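model the following, please.
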Amino acid sequence: MTQKNKIVFLVFSFLCLCNLIAFLIAFDLSKESGFEVIFFDVGQGDAALIKTGEGHYIVIDGGPDSSIIEKLSLEIPFWQKEIDLIVLTHPHYDHMNGLIDVLNKYEVKNVMWTGVVDTTASYRSWLDLIEESRVVIAQAGQRVRGDTFYIDILYPFDSLEGESFKDLNKTSIISRLVFSDKSFIFTGDAYKAEEEMLIGMFNLKSDVLSVGHHGGKTSTSEEFLKQVMPSYAVISAGRGNSYGHPHSETLELLENYGIKVLRTDVDGDIKFK
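Residues are numbered from 1 along each chain as shown. Alright, predicted model coming up:
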């Protein structure tokens, strides 16, 4: 091959590569025109991603380990280095540890959590990493607003910043996402007592319920379920976990109300579009 032919070949190859990248970008941007909520299969833990019509990314909990990074890489374009908001419902490892990896990989603009105190090494890493973000302490009455959606914080009722609790599950953020005529409730590991505090205070009716505490029998009271009345219930649990999640009592209750149950331990990643 002559020098001239080599130059022509390189120019042609470069143009082909540019065209391919342009096609991939156009394809990914076209996907962002919709609204998606994805519940990731991260084993025995909770992790969800909200992709908004404006191209924003919101992560609610991160699961127990770094597996969320691979999940996010399949949903967020490789050139996108920012996440608009992380919500940590409560600082138990099966909700928090994966977020530490997210904070290390992405530029996280905003963090929302309760500010409760814990003593683990993971918790200390979390505190160090969120210093680079704008931090908001979650409290009922707050609203995260976008052009096409909003997220209302329903619980906790008061600021818990700096407080210690024997059982952090009781401090879980409960929130409700509304997009157009569709709605989702995220409950973290909140117990029945916390769920029932919301009855009569907020509009709880939602199309999708993220079932509390991985489907354990300590969450999802019948009174709460009557108020939410979802079409779908999503249970995030690990295969063959030692906790017996989801509990047969919870599954029976959901079945009795004709609610379609989707499980990460059975169905893998669950995506609503």
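
mind listing the strands in the chain by residue range?
Using DSSP state E, the strands of the chain run over residues 36-39, 47-51, 57-62, 82-87, 107-113, 134-137, 143-145, 149-155, 174-179, 182-186, 208-210, 232-235, 260-263, 270-272.

partner strands of the fifth one and their direction?
So the one you mean is strand 107-113. Applying DSSP bridges, strand 107-113 is found paired with strand 82-87 (parallel), strand 134-137 (parallel).

now swap in the first one and tell me
The sheet places strand 36-39 alongside strand 47-51 (antiparallel), strand 270-272 (antiparallel), with pairing taken from DSSP bridges.

would you list those strands in a markdown table and tack on distance to residue 183 and mean pLDDT?
Every C-beta, even on glycine, is put in place using the N, C-alpha and C of the backbone. Formatted as a markdown table, these follow (distance: least, CB to CB, whole Å; pLDDT from 0 to 100):
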| stretch | distance to residue 183 | mean pLDDT |
| --- | --- | --- |
| strand 47-51 | 12 | 98 |
| strand 270-272 | 11 | 98 |
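
give me whichever of the ones you listed is most buried.
Scoring these by mean neighbour count under mean count of other CB atoms under 10 Å gives strand 47-51 as the most buried, with a mean of 24.

residues contacting residue 39?
47, 48, 210, 234, 236, 262, 264, 269, 270, 271 (CB atoms under 8 Å, 6 or more residues apart in numbering).

wait, doesn't the fifth one sit right on residue 60?
Read that as residue 236. No - counting by CB atoms under 8 Å, residue 236 does not reach residue 60; the two are 10.7 Å apart.

neighbour-wise, which of these two wins?
residue 236 (30 against 27; other CB atoms under 10 Å).

shaky segments in the chain?
Residue ranges of the chain with pLDDT under 70: 1-33.

how about the helices in it?
3-31, 67-75, 93-105, 121-129, 192-197, 222-228, 248-256, 264-267 (DSSP state H).

still on that earlier bit, kindly compare burial across the strands paired with strand 107-113 and name the winner.
Counting by mean count of other CB under 10 Å, the most buried of these turns out to be strand 82-87, with a mean of 20.

now that strand, how far from the centre of its chain.
In terms of CA atoms, centre = their mean, to the nearest Å, the centre of strand 82-87 is set 10 Å apart from its chain centre.

just the CA trace of that strand, in CSV.
C-alpha atoms of strand 82-87 as CSV (Å, rounded to 0.1, in the frame of the first residue of the first chain):
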residue,chain,number,x,y,z
GLU,A,82,-23.0,13.0,36.1
ILE,A,83,-25.9,11.7,38.3
ASP,A,84,-28.3,14.4,39.3
LEU,A,85,-29.5,13.0,42.6
ILE,A,86,-28.8,10.0,44.9
VAL,A,87,-31.4,9.2,47.6
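
rewinding a little: what's the most distant pair in the contacts of residue 39?
47 and 262 (14.8 Å; CB to CB).

quick one: contacts for residue 48?
37, 38, 39, 40, 59, 60, 61, 186, 210.

switch to 6 Å and redo it
39, 60 (CB atoms under 6 Å, 6 or more residues apart in numbering).
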